[in-house]
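**Q** sharing a sequence plus its predicted fold:
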Amino acid sequence: MKISLAFSDSGGAGSPVVLIHGFPFDRRSWDAQVAALRGKHRVICPDLRGHGASPVAPPPARMDEMAGDVASLLDRLGIEAAAICGLSMGGYVALAFVRLFPKRVRALVLADTRAGADSPEGRKARHDMVALVRAEGARAIADRLLPKLLSPSAPPAARELVRRMIESTPVEGIVGALLGMAERPDSTDLLAKIACPTLVICGTEDVITPLAESRELVAKIPGATLVTIPGVGHVSNLEAPAAFDSALVDFLARA
């Protein structure tokens, strides 16, 4: 099913950058990065299908479909190639985009994500969350995820924004993403074929995609660079925006 994504566009004259949010967030998660990049780059922030202001499609929301949505958005905007940055689920979408549209990726940023498919235990956990959100709504998902998404020392404003984004995500959008992530393919074999400049960012206290996952990405992607952000959790761009922005701006200036 084709989806026309809601998005923001900074309209800058610089090289385009696409920021792909995690689960179950929306483009608001990138506000600090848009402010840091505006003026140097044209910054595009889509709401993935079923999230934010974008329409909900029948589940599952497969990673390839979401990557195709982003490609269609770039077509609408007349953008042939861009730097692609994805965090968490957005990283899964970014890897699908690289596989499907390698010539459209000028540079790649993978933040707090992994290449591997879900384990059987991971798939079961996602299906358990599907049952939870259908029974109790998005608030129950926020209660379940927040302790894992951010470190205990995360700023209250980051914690409040994460909760607002989760609770505003439609139930069927959450279900679609969960089922899509549960069935996503393993992207490990893709890593050696990535030919563009690549940056990997990870919070050292990330318990969802631990630092070992980021080190594996860097070991297998030719020429990739790793930046760690001490003391922060899975949503590193919200928990430590200054450090995240510094790494992103510096990388894009050299890519």
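**A** Received it, and whenever you're ready, just let me know what you need.
**Q** OK, contacts around the closest residue to residue 103 other than its chain neighbours?
**A** Take residue 103 and drop its neighbours on the chain: the residue closest to it by Cβ to Cβ, 6 or more residues apart in numbering is residue 81, 6.8 Å away. C-beta here means a position set from N, CA and C on the backbone, and glycine is covered the same way. Applying Cβ atoms under 8 Å, 6 or more residues apart in numbering to residue 81 gives the contacts 16, 103, 104, 105, 106.
**Q** how about 10 Å then?
**A** Remark: with contacts taken as Cβ atoms under 10 Å, 6 or more residues apart in numbering, residue 81 is in contact with 15, 16, 74, 101, 102, 103, 104, 105, 106, 107, 196.
**Q** quick one, what contacts the fourth one?
**A** So that's residue 101. The neighbourhood of residue 101, defined by Cβ under 10 Å, 6+ apart, consists of 67, 68, 70, 71, 74, 81, 84.
**Q** I'd like the next helix or strand past the longest helix that the chain contains.
**A** As assigned by DSSP state H, the longest helix anywhere in the chain is helix 120-136. Using DSSP states H and E, the helix or strand that directly follows helix 120-136 along the chain is helix 138-149.
**Q** which elements pack onto that following helix?
**A** Here helix 138-149 is seen to pack against helix 120-136, helix 156-168, helix 171-182 when contacts are counted using 3 or more Cβ pairs under 10 Å, 6 or more residues apart in numbering; DSSP states H and E.
**Q** compute the inter-axis angle for the second one and helix 138-149.
**A** What it means is helix 156-168. Relative orientation of helix 156-168 versus helix 138-149 (axes from the mean of the first three to the mean of the last three Cα atoms, to 10 degrees): 140 degrees.
**Q** gap between helix 156-168 and the chain center?
**A** Distance of helix 156-168 from its chain centroid, counting by Cα atoms, centre = their mean, to the nearest Å, is 16 Å.
**Q** state the mean pLDDT of it.
**A** Helix 156-168 shows a mean pLDDT of 98.
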